[in-house]
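Asker: next comes the sequence, and after it the predicted model I'd like to discuss.
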Amino acid sequence: MKRILLLCSVFVLFAVNVSAQKDQKDKPWTEWSQKEAMKVLADSAWAQTQTEFTETQAAGGSSTITKTQSRNEVDLKNAGKTESGETLGQKAAALKTLYHVGFLTSKPVRAAFVRLIELQKPESPADEVAARRAFVDRDLGDNIVVSLLVEGNDKNKTTPAKQSLGAGTAETFKDVVYLERKDGKRLALKDYRAPVDAMGAKFIFPRMVDGQPFLDANSGEVRVNMEINKTKVIRKFKVAEMMYDGKLEY
């Protein structure tokens with residue numbers, strides 16, 4: 001009897017969670033809260049964050065451990081603890097570098113950027129609002145654009161990374177930045193734009209390969225592979241989850 005009740009409770013919680021996710025996905029982007037928009041940019045079907053923690057000894061300041069965590073592994077509440085349970089403030093200082101990777105050509109990512117601007121500037125003139133919203137609905141043609149924004153408090157990592165992105169060209173990244181499908185098919189970099197705004201660096205790929213879209217509903221998974229200043233940034237996206245308004249968005 002207890003087992004049956006437990007299973008019923010699990011099914012109810014699962015149903016409530018799925019319903020909440022569906023309601024949020026169906027919610028117009030113009031009604032997203034700041035938290036909802038930021039989640040789309042940091043942890044969603046179209047954008048993910050790779051976080052690296054660098055533990056530095058309090059005495060001497062030499063780096064001892066670097067740990068990379070995926071979006072599902074990062075626990076900010078426990079990020080300041082060592083394996084022994086001691087806080088890093090007792091023996092060391094925790095430094096963090098975040099690599100935000102997103103499909104800028106997907107409507108949800110563009111909508112999230114614009115929504116944050118609208119929340120920050122609610123009194124914007126009507127023509128500016130219209131121009132920003134036009135960007136969300138714009139057809140970006142035969143390109144796939146993947147954005148990368150680097151931030152964090154580890155200047156030994158963030159500064160060189162930002163310098164590399166700022167000075168880089170398509171030639172710089174052509175061998176170390178690519179997209180890869182689950183079947184092993186790789187998509188080479190077509191062009192590159194250095195960061196000039198809050199969206200970060202922009203890596204441009206062709207959308208069509210041999211007359212067919214690089215991704216479709218049956219692609220299964222796509223992996224973004226980058227190497228920025230000797231740091232490997234790898235994010236995996238489930239294509240089936242990248243649907244928005246009945247359309248595959250990437």
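Answerer: Arrived safely, thanks for sending.
Asker: isn't residue 118 right up against residue 131?
Answerer: No - the criterion here is C-beta atoms under 8 Å, and residue 118 misses it with residue 131 at 11.9 Å. For the C-beta atoms, the positions are set from N, CA and C on the backbone; glycine is no exception.
Asker: between these two, who's got more neighbours?
Answerer: A side-by-side neighbour count of residue 118 and residue 131, using other C-beta atoms under 10 Å, places residue 118 first with 18 against 12.
Asker: what's near enough to touch that one?
Answerer: Residue 118 makes contacts with 30, 124, 129, 132, as judged by C-beta atoms under 8 Å, 6 or more residues apart in numbering.
Asker: CA-only coordinates of the one helix or strand it maps to in CSV, if you can.
Answerer: Per DSSP states H and E: residue 118 is located in helix 107-120. Provided in CSV are the C-alpha atoms of helix 107-120 (Å, rounded to 0.1, in the frame of the first residue of the first chain):
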residue,chain,number,x,y,z
LYS,A,107,14.0,32.8,-31.7
PRO,A,108,13.9,32.0,-27.9
VAL,A,109,17.5,33.2,-27.4
ARG,A,110,17.0,36.5,-29.3
ALA,A,111,13.7,37.0,-27.5
ALA,A,112,15.4,36.5,-24.1
PHE,A,113,18.0,39.2,-24.9
VAL,A,114,15.3,41.6,-26.1
ARG,A,115,13.1,40.9,-23.1
LEU,A,116,15.9,41.7,-20.7
ILE,A,117,16.4,45.1,-22.5
GLU,A,118,12.7,45.8,-22.3
LEU,A,119,12.6,45.0,-18.6
GLN,A,120,15.7,47.3,-18.0
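Asker: run the chain-centre distance for it.
Answerer: Offset of helix 107-120 from its chain centre (C-alpha atoms, centre = their mean, to the nearest Å): 14 Å.
Asker: quick one: buried residues of that helix?
Answerer: 107-116, 118 (16 or more other C-beta atoms under 10 Å).
Asker: neighbour count, distance to residue 235 and pLDDT for the contacts of residue 118 - can I get that in TSV?
Answerer: Listed next are these as TSV, based on neighbours: other C-beta atoms under 10 Å; distance: C-beta to C-beta, whole Å; pLDDT from 0 to 100:
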residue	neighbour count	distance to residue 235	pLDDT
30	11	27	95
124	14	32	92
129	15	32	94
132	17	27	95
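Asker: in the protein, where is pLDDT below threshold?
Answerer: 1-25, 56-93 (pLDDT under 70).
Asker: on that earlier part again, so which of the buried residues of helix 107-120 is the closest to residue 177?
Answerer: Taking C-beta to C-beta as the measure, residue 177 sits nearest to residue 109 out of those, at 17.9 Å.
Asker: my guess is that closest one contacts residue 101. True?
Answerer: No - contact criterion C-beta under 8 Å: residue 109 and residue 101 do not qualify, at 10.3 Å.
Asker: who touches both of these two?
Answerer: Residues touching both residue 109 and residue 101 (C-beta under 8 Å, 6+ apart): 47, 147.
Asker: for residue 249, list the residues it contacts.
Answerer: Shown in contact with residue 249 (C-beta under 8 Å, 6+ apart): 46, 103, 105-108, 242-243.
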